[in-house]
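In: what follows is a predicted protein model with its sequence.
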Amino acid sequence: MTATSITSIQPVTADTVIQGDCIEIMRGMETGSVDMILTDPPYIARYRSRDGQTVKNDDNARWLRPAFAEAYRVLKSGGFCISFYGWNNADTFLAAWRTAGFRPVGHVVFRKRYASAKRFLSYQHEQAYLLAKGQVQMPLLPIPDVIDWRYERNALHPTQKPVSILTPLIEGFTSPSEIVLDPFCGSGSTLVAAKELGRRFMGIELDATHHATATRRIAGTDNRGWPRKRPLYLSNEDERATVPSTVQLPLRGVQTFDHYRATNPREKNQQGKIVPDPPRQGQLLGRSVNCRCLL
Ligand SMILES: C[S@@+](CC[C@H](N)C(=O)[O-])C[C@H]1O[C@@H](n2cnc3c(N)ncnc32)[C@H](O)[C@@H]1O
């Protein structure tokens, strides 16, 4: 795993976080080279935290169309992009996504137990669009479009996203070892979630301080944003639907839990349970599915 700072355009490799303007960096990437994009771009809202921190490019929309045009190009055909956005600029974001070629196929609401602000409403959710490129396949078990926001302090970035709300999105739309790109990666929450799930990742961040934070996180030397417990599903209701632990899951080419661990060196010494990946429910027992070990 490497951390790279660039002054000229360099090829982007997996499991890397690069410092620079994502438009320029993505221009150096191959068409169709990533499996999923999960990103949290500036909301174009002139954000200022209580302690005066701001977000680069949150004061203008000049980057929006070129960035998503490149994001569309580097995403594989049949891939998904999930992008957070600011609700008060929904029209601007939707126009940019559609112009790039994306087709909105879903919308996710992240429900908070507290209000970020109180004005006309008590503002208690974040939101993201699920965008498709080309002919996409529907998941066997679609994830819910309402996800509970589990509060994690914004210790690493003023608009940090909790890793726990990102993992179900990655689980739901990628398979193990696929590449997840976050062109606006901030402190690297998406990258941590992807790594946590055994996916490969690519991060791009303009700000040197945030780039350094993301670099530390993916190297595992800054665990402040790491989830204490691995989240499984999105709500209590879904957790009940989890495939039971001591499974006789029909793992691909593998019959038992011990055999699974023995043949997956990364997880060899881990105690845990095996679950299907992406998440699926019990009615799939008896069929071959990809699995992973939950700690
Ligand atoms: C909303 S924040 C992402 C926060 C992130 N989700 C986290 O959990 O830390 C958006 C990030 O995009 C970065 N950014 C803005 N313009 C950019 C550009 N053109 N290229 C790359 N990063 C950019 C900002 O510096 C900021 O850190």
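Out: Thanks, I have it. Numbering: from 1, shown residues only.
In: so the residue of the stretch 151-295 of the chain found nearest the ligand, which state does it fall into?
Out: When distances are taken as Cβ to the nearest ligand atom, the stretch 151-295 of the chain reaches nearest to the ligand at residue 186, 2.6 Å away. (Each C-beta comes from the backbone N, C-alpha and C, glycine too.) Here residue 186 takes the coil state, with states given by DSSP: H, G, I helix; E, B strand; the rest coil.
In: can you list the residues of the chain near the ligand?
Out: If contacts are counted using Cβ under 6 Å from any ligand atom, the residues of the chain sitting beside the ligand are 21-23, 40-42, 55-57, 63, 157, 159-161, 183-184, 186-187, 189, 204-207, 210.
In: so of these, which ones are in helices?
Out: Residues of those located in helices (DSSP state H): 22, 23, 189, 210.
In: of all pairs in these, which one is the farthest apart?
Out: Across those, no pair lies farther apart than 23 and 189, at 21.2 Å, counting by Cβ to Cβ.
In: okay, and the helix or strand of this structure with the least pLDDT?
Out: Across the helices and strands of the chain, mean pLDDT, DSSP states H and E gives its lowest value to helix 236-239, namely a mean of 29.
In: returning to what we had before: any idea which of the ones in helices among the residues of the chain next to the ligand is closest to residue 51?
Out: When these are compared against residue 51 (criterion: Cβ to Cβ), the nearest one is residue 210, at 15.6 Å.
In: doesn't residue 157 make contact with the closest one?
Out: Yes: proximity of residue 210 to residue 157 meets the contact threshold set by Cβ atoms under 8 Å, at 5.9 Å.
In: check contacts around residue 57.
Out: Going by Cβ atoms under 8 Å, 6 or more residues apart in numbering, residue 57 touches 42, 63, 206.
In: ok, the residue lying closest to the first one once chain neighbours are set aside to residue 149 distance?
Out: Pointing back at residue 42 there. Leaving aside its sequence neighbours, residue 42 sits nearest to residue 58 (Cβ to Cβ, 6 or more residues apart in numbering; 3.9 Å). When Cβ to Cβ, to the nearest Å is the yardstick, residue 58 and residue 149 sit 20 Å from each other.
In: residue 25 now?
Out: When Cβ to Cβ is the yardstick, residue 25 and residue 149 sit 29 Å from each other.
In: quick check: neighbours shared by residue 210 and residue 157?
Out: With contacts defined as Cβ under 8 Å, 6+ apart, the residues shared by residue 210 and residue 157 are 186, 187.
In: so what strands line up beside whichever helix or strand residue 108 is part of?
Out: Per DSSP states H and E, residue 108 falls inside strand 103-111. With DSSP bridges as the test, strand 103-111 is paired with strand 125-132 (antiparallel), strand 146-148 (parallel).
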